[in-house]
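J.: have a look at this prediction, sequence included:
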Amino acid sequence: MTDYVLVGGGAFAREIHDWFAPGLPEGDRFVGYLDDGDQPMAAFGRDLPQLGDTQGFERSPHQRLVMAVGDPAGKAALAERLGGAEAFASLIHPRAWVSASAKLGRGAMIGPFTDVSADSRAGDFVTLNAYSSLGHDVTVGDFVTLSGYVDLTGGVTVGARSFFGSGARVLPGVSIGADCKVGAGAVVVRRVGDGATLYAAPARRL
């Protein structure tokens, strides 16, 4: 039996709860959430208590944490604060498709209708929101977040802590550096270095 504790109490935490709670193995359950603010999930009809904040929480041996934060820098800070990847579960939705040759890091959050294709690689704490995809031979660094309907096509490389808005696309073989932000609907057609903010189609720097 595993008790899952959501790290975060916002809208993304509600999405994760609703995606995964109905399909957990018998005896497993979500028991509450951690949040450094005041985001009462009960106000949205979720019967989950706030167990405290992320500063002083002490995890019991039968509890696993679930990263419910989309911001890459926020994920990195919380993972370090709460004990690293060993403290966190990876959750893969039953309606996701993950190739047998793909490799996912720890603390991954793989939403419904996602596609992780042949020989792709994802680091720790990667978030793939609904309908996003990693094409064949894609490599994604730690703490990367893909919003819904993002498409990283074959051979793409993405550095750590980068974020992709809904519907963004990266063309085959293109490399994107660390700490980049790719806006919703952007289409990245050429190599981009670290720290870039991109928007539009074809994508250009902000």
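T.: Now that the structure is in, tell me what you want to look at. In this text the structure is predicted, and so the values were computed from the model without any measurement.

J.: any idea how far residue 171 lies from residue 178?
T.: 19 Å (CB to CB, to the nearest Å). C-beta coordinates here come from the backbone N, C-alpha and C atoms, glycine included.

J.: right, I mislabeled it, should have said residue 200
T.: 22 Å.

J.: of the two, who's got more company?
T.: Here residue 200 and residue 178 are compared on neighbour count by other CB atoms under 10 Å; more neighbours surround residue 178, at 18 against 12.

J.: what's near enough to touch the more buried one?
T.: Contacts for residue 178 were tallied using CB atoms under 8 Å, 6 or more residues apart in numbering; they are 141, 159-162, 194-195.

J.: count of neighbours near the nearest residue in space to it that is not next to it in sequence?
T.: Spatial nearest neighbour of residue 178, excluding adjacent residues (CB to CB, 6 or more residues apart in numbering): residue 159 at 3.1 Å. Neighbour count for residue 159, taken as other CB under 10 Å: 21.

J.: gap between residue 159 and residue 123?
T.: As judged by CB to CB, residue 159 and residue 123 stand 10 Å apart.

J.: of the contacts of residue 178, keep whichever come out buried.
T.: 141, 159-162 (16 or more other CB atoms under 10 Å).

J.: once you drop chain neighbours, what's closest to residue 187?
T.: Ranked by CB to CB, 6+ apart and with sequence neighbours excluded, the top spatial neighbour of residue 187 is residue 201, at 3.9 Å.

J.: pretty sure that neighbour sits against residue 188.
T.: No: here residue 201 lies out of contact with residue 188, judged by CB atoms under 8 Å, at a distance of 9.1 Å.

J.: compare the two (neighbour count), which wins?
T.: A count of neighbours by other CB under 10 Å puts residue 188 above the other of residue 201 and residue 188, at 26 against 14.

J.: who's that one bridged to?
T.: Beta-bridge partners for residue 188, by DSSP bridges, are residue 170.

J.: list the contacts of the residue nearest to residue 187.
T.: Neighbouring residues of residue 201 by CB under 8 Å, 6+ apart: 185-187.

J.: need the pLDDT of residue 40.
T.: Here, the pLDDT recorded for residue 40 equals 71.

J.: how about it: what's its closest non-neighbour residue?
T.: Leaving out its chain neighbours, the residue that sits closest to residue 40 by CB to CB, 6+ apart is residue 50, at 7.1 Å.

J.: check residue 86 too.
T.: Nearest non-adjacent residue to residue 86, counting by CB to CB, 6+ apart: residue 106, 7.4 Å away.

J.: for the one you found, give me its contacts.
T.: 85-86, 88, 90, 124-125.

J.: same list, those, but as CSV with neighbour count please.
T.: Below are the contacts of residue 106 laid out as CSV (neighbours: other CB atoms under 10 Å):
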residue, neighbour count
85, 17
86, 9
88, 26
90, 18
124, 22
125, 27
